[in-house]
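Q: generate a structure from the sequence data that follows.
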Amino acid sequence: MALSDDLQTEVSDIFKKPWTEQTGLVVPTAADLVLNSNYAKLLESATVLYADLDGSTNMVDTLSWQKAAEVYKSYLRCASKIIKAEAGSITAYDGDRVMGVFVGEIMNTRAVRAAMRINRAVEEIIRPAYAAMYGSSFVVKHVIGIDTSPLRAARIGVVGDNDIVWVGSAANHAAKLCNLNKHPLWVTKAVYDIMHSSVKLVGTTEMWTKYTWNTFDNSDIYGSNYRWGSI
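A: Residues are numbered from 1 along each chain as shown. Down below sits the predicted model:
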């Protein structure tokens, strides 16, 4: 049978077969999902954090490959360790960004606190280390987006080469927020409304500035430059 015949049969099955969905309380791994089936795990409430290097295209065009690789490694190492320290699950690496999913108690607050801790790591660890080695002509910048929603996970690809796709507005919106660069930290209204005052206020001073997200139904979003008190 030709490859085109195989693909026609498989694609037809994907669209025809009903989905099996199971609700879970923990972030699933690939082993928890079925590859060759319309099977998904549902997280009824989950918060997604995307941490992304800003200006990485310009970085690889202007820096040596060694320097660019060191920036990638440094940022993703710091971001990933901080996400895990806040009880988040690393669900994907995509070039210069990492995706974390938070579930359970105070998940929005933990995600935002992770973002603020990553911001401090960029300013107080990565930038000084780069400048000490190479000078200050290049400044590492980043953007983090956070949203919350129901989230479904399904396994995609082929045997021996597959991954997890995350379906839900939180995954898409968190990633799209990383396209904004006026502030390094961005959250949606759904996150802002629920997160604890400890990540909203310093005393009585508001940490976040409200904006209208023109490209997404003029929804309210919030940007911040703040760092958490310690890493």
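Q: for the protein, which spans come out with low pLDDT?
A: For the chain, applying pLDDT under 70 flags the ranges 1.
Q: quick one, strands of it?
A: 20-24, 39-54, 89-94, 97-102, 141-158, 161-167, 185-188, 201-202, 205-206, 209-213, 219-224 (DSSP state E).
Q: tell me which other helices or strands the second one touches.
A: Put plainly, it is strand 39-54. Judged by 3 or more Cβ pairs under 8 Å, 6 or more residues apart in numbering; DSSP states H and E, strand 39-54 is in contact with strand 20-24, helix 65-85, strand 97-102, helix 107-121, strand 141-158, helix 169-177. The C-beta positions use only the backbone N, C-alpha and C, and glycine is treated the same way.
Q: go through it and flag the buried ones.
A: 39-43, 45-54 (16 or more other Cβ atoms under 10 Å).
Q: quick one, which of the strands of the chain is nearest to Glu10?
A: Minimum separation from Glu10 across those (Cβ to Cβ) falls at strand 141-158, 9.8 Å.
Q: in the closest one, what counts as buried?
A: 141-149, 151-155.
Q: and it with strand 97-102, angle?
A: Angle, strand 141-158 to strand 97-102, by axes from the mean of the first three to the mean of the last three Cα atoms, to 10 degrees: 80 degrees.
Q: mind listing what strand 141-158 pairs with, with the direction of each?
A: In the sheet, strand 141-158 lines up against strand 39-54 (antiparallel), strand 161-167 (antiparallel), strand 185-188 (parallel) (DSSP bridges).
Q: got those as TSV, with distance to Lys73 columns?
A: TSV is the format used below for these (distance: least, Cβ to Cβ, whole Å):
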stretch	distance to Lys73
strand 39-54	11
strand 161-167	21
strand 185-188	22
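Q: how close does Gly88 sit to Leu25?
A: Distance of Gly88 to Leu25, given as Cβ to Cβ, to the nearest Å: 15 Å.
Q: so between these two, which is more surrounded?
A: In this view Gly88 and Leu25 are compared by other Cβ atoms under 10 Å, and Gly88 has more residues nearby, 23 against 9.
Q: ok, now which ones touch the more buried one?
A: 49, 100-102, 110-111, 114 (Cβ atoms under 8 Å, 6 or more residues apart in numbering).
Q: tell me the phi and psi of it?
A: The phi/psi pair for Gly88 (degrees, to the nearest 10) reads phi -90, psi 160.
Q: quick check, nearest of the buried residues of strand 39-54 to Leu201?
A: Taking those together and measuring to Leu201 by Cβ to Cβ, the closest member is Thr47, at 19.8 Å.
Q: my guess is the closest one contacts Val191. True?
A: Yes - using Cβ atoms under 8 Å, Thr47 makes contact with Val191 at a distance of 6.7 Å.
Q: need the residues touching each of these two.
A: In contact with both Thr47 and Val191: 108, 111, 146-148, using Cβ under 8 Å, 6+ apart.
Q: switch these over to CSV; also include distance to Ile83.
A: As requested, the shared contacts of Thr47 and Val191 are arranged in CSV below (distance: Cβ to Cβ, whole Å):
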residue, distance to Ile83
Asn108, 14
Ala111, 8
Ile146, 11
Asp147, 15
Thr148, 15
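Q: give the buried residues for stretch 22-34.
A: 24, 27-28, 33.
Q: can you name the two of these that sit furthest apart?
A: Greatest spatial distance among the buried residues of stretch 22-34 (Cβ to Cβ): Val27 and Leu33, at 11.5 Å.
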